[in-house]
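**Q** fold the following, please.
(chains A, B, C and D)
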Protein chains: 2
Amino acid sequence: MGTLKYSKQRESIKHYLMTTDEHPTADMVYMHVKKDFPNISLGTVYRNLNLLTDIGEAVKIATPDGGDRFDGRVEPHNHFLCTKCGRLLDLELDMNSIEEVNRLAAENFDGIIRSSSTLFYGECSDCIKKS
Amino acid sequence: MGTLKYSKQRESIKHYLMTTDEHPTADMVYMHVKKDFPNISLGTVYRNLNLLTDIGEAVKIATPDGGDRFDGRVEPHNHFLCTKCGRLLDLELDMNSIEEVNRLAAENFDGIIRSSSTLFYGECSDCIKKS
DNA sequence: AACAATAATGATAACGATTACTGTAATTAG
DNA sequence: CTAATTACAGTAATCGTTATCATTATTGTT
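**A** Numbers count the residues shown, from 1 in each chain, chains lettered A, B, ... in the order given. Predicted coordinates:
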């Protein structure tokens, strides 16, 4: 039991996640996929976002302000949240650096560290220009 | 306008945040402060947690599963979320390491990085013992 | 190609966490 | 002490998310 079955809706959701870089909320995904499936349900979006996250084909990003964001890039990488405009951007940090951080953290910690996710805060280039 | 006025409730909430290390949710704070103020309102707890966060006397920690946690330690430090038992623990990472990460991140990023918060995932020592 | 089994859907209700509102109480400045 | 203002408790409302359920779509089998 529990065999996965194909669905156009899920495919569309996954495709959108993989081709956008705006780290959409569930509602943003809903709005977008609605263009191709005008009567898709918000519940379907949530169900599939969680499913994709569970099987490792998407990542859920928690932010302190507002709803979770989703990302189709599943390789370890980090994010930047602009404190002025609220945009969530990708932030590349090479693998060595990520692993180095995990290693440093493990030194003073009495457990196993399997992964980490860093959220950087500051001002994005657009907001700097405007000020 | 906007002058801060003293309140016993806020003091109690702040004191609890500063003396516990369990990174309580708003509801946990509510339960605790209720012992001293039996008819405090949950709304008051939220109002003050947000206020303390805004004036920099508390920190809000977002986790991908469930409600936000609050922390009375405002110095930069990081956290560890056990994927087995769900506990959120402090994780010390010396200042140099934190700054080093921010510096590395800034190299490939077109904006200003002011701070960062890393959430580590893995298994805590208690869960390792049990397995 | 029809069928049975079962997973996925859309619609909607329910839920938990958080915020907004309101009239009253506490704090503070004059 | 008084007046002004902020904070409070209590409650309703909002928001993001999950659960329920009858119907539809997919898939493996005859």
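
**Q** tell me the mean pLDDT for stretch A:67-83?
**A** Stretch A:67-83 carries an average pLDDT of 91.

**Q** that one and DNA strand D, are they touching?
**A** Yes: counting by CB under 7 Å from any atom of the strand, contacts between stretch A:67-83 and DNA strand D involve A:67-68. In this view, the C-beta of every residue, glycine as well, is placed from N, C-alpha and C.

**Q** can you give the distance of that stretch from its chain's centre?
**A** Centroid separation between stretch A:67-83 and its chain, computed with CA atoms, centre = their mean, to the nearest Å, is 4 Å.

**Q** between the two ends of it, how far is it?
**A** Distance between the two ends of stretch A:67-83: 16 Å, counting by CA to CA, to the nearest Å.

**Q** in it, what's buried?
**A** For stretch A:67-83, a neighbour-count test (16 or more other CB atoms under 10 Å in any protein chain shown) marks A:68-72, A:77-82 as buried.

**Q** now do the same contact list for A:I55.
**A** Going by CB atoms under 8 Å, 6 or more residues apart in numbering or on different chains, A:I55 touches A:L4.

**Q** just to revisit the earlier point, JSON lines for the buried residues of stretch A:67-83, including distance to DNA strand C?
**A** Supplementary listing: the buried residues of stretch A:67-83 in JSON lines, determined by distance: CB to the nearest atom of the strand, whole Å:
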{"residue": "A:D68", "distance to DNA strand C": "12"}
{"residue": "A:R69", "distance to DNA strand C": "16"}
{"residue": "A:F70", "distance to DNA strand C": "15"}
{"residue": "A:D71", "distance to DNA strand C": "20"}
{"residue": "A:G72", "distance to DNA strand C": "16"}
{"residue": "A:H77", "distance to DNA strand C": "26"}
{"residue": "A:N78", "distance to DNA strand C": "23"}
{"residue": "A:H79", "distance to DNA strand C": "20"}
{"residue": "A:F80", "distance to DNA strand C": "22"}
{"residue": "A:L81", "distance to DNA strand C": "16"}
{"residue": "A:C82", "distance to DNA strand C": "19"}
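
**Q** if anything else comes up later, I'll come back, but that's it for now.
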